[in-house]
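Chemist: Here is a sequence with its predicted model. Questions after.
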Amino acid sequence: MPVNADLFIYALPAFALLMLIEWIDNRRDPDRPANGIDRRDTTSNIATFVLGRIAKPILAQVIPFSGVVLAAHFTPLHLSPAHWWVWVLGLIVTDFCYYWAHRADHRVRLLWTSHSVHHSSRFFNFSTAIRLPWAHPAANIVRGLCWVPAALLGFPAWMVFALQSLGLLYQFPIHTQRVKTLWRPLEFVFNTPAHHRVHHGSNQPYLDTNYGGILIIWDRLFGSFAAETEPIRYGLTKDIDTDNPIKVNYTELVDLVRDVRTARTWRGRLGYIFGPPGWHENAATADLEKVSAAV
């Protein structure tokens, strides 16, 4: 959508400036973390982002419509963006939709093939924020359905997309280790660097926590909140060990296709696609046999 593209283009100078400030601050810190900033990793992150910006207009031609556009067209409800409260309500509603989309990113493997790109870095800094997936049309279509409720409530499609982009822009500056914690009331309500560092952790007790975009209250309400209690290991539970942006983008998708092709049953194939990451056909069969034996 043009609105999304414009927002990101306007934000690029700010992204670059913040990355430079973070790099300088990191270099001057004698106690800087080893998993803070790495030249090869940062280069890979930037290359992945650039390739995504190139691929996005091409995908827009392949998938010209979305569930949000259709829902906004057919809903009998229509809210006017001329009212300030519609924007405030829209931001809350779209952020709520983001929470569930983000949670699905981590719990549905088809979506994880795309989202894992963002989590695959073993470092955590501002450049990690732009390590975003590209050319994952199936995952994008399914994930986009999470914002259909916002359109059905009467928010214009362009407004939903614009608020989505604002939510993503908000998340750029929380990808840093240079900021420890903020004022406690802010930490309670909003997503902050401290909360998002936990989300990027691949060690327990951090896996599958802190899904919030702008607001962290959704995690507190739905039991997915975790505070930082021990050192964080960034990256995936099984590192992909590459800085090649193409491999970064498609390693998990290739693994998914391989698992589906070697599955013995349709239940196994569907499990690999729609089950959580780490789901395995053999383990599911063993669990089923245990239940049958108990009965």
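Modeler: Noted; the coordinates are in hand.
Chemist: Can you report how many residues lie near the closest residue in space to W100 that isn't next to it in sequence?
Modeler: Excluding its sequence neighbours, the residue lying closest to W100 (CB to CB, 6 or more residues apart in numbering) is C146, at 5.4 Å. For the C-beta atoms, the positions are set from N, CA and C on the backbone; glycine is no exception. C146: 22 surrounding residues under other CB atoms under 10 Å.
Chemist: How about L17?
Modeler: 11.
Chemist: now do the one 5 residues further on
Modeler: E22 has 21 neighbouring residues, counting by other CB under 10 Å.
Chemist: Also G271?
Modeler: 21.
Chemist: Pretty sure it sits against E281.
Modeler: Yes. Counting by CB atoms under 8 Å, G271 touches E281, with 6.2 Å between them.
Chemist: tell me the SS of D259?
Modeler: Under DSSP: H, G, I helix; E, B strand; the rest coil, D259 falls in the helix class.
Chemist: how about it, what does it touch?
Modeler: Counting by CB atoms under 8 Å, 6 or more residues apart in numbering, D259 touches Y272.
Chemist: Residues in contact with both of G271 and E281, list them for me.
Modeler: Residues touching both G271 and E281 by CB under 8 Å, 6+ apart: A263.
Chemist: returning to that earlier point: any figure for the gap between the residue nearest to W100 and Y234?
Modeler: 26 Å (CB to CB, to the nearest Å).
Chemist: likewise W266?
Modeler: Here W266 is placed at a distance of 36 Å from Y234 (CB to CB).
Chemist: the more surrounded of these two?
Modeler: Set W266 next to Y234 and count neighbours by other CB under 10 Å: Y234 wins out with 23 against 8.
Chemist: Just give the nearest non-adjacent residue to the more buried one, would you?
Modeler: Excluding its sequence neighbours, the residue lying closest to Y234 (CB to CB, 6+ apart) is F124, at 4.8 Å.
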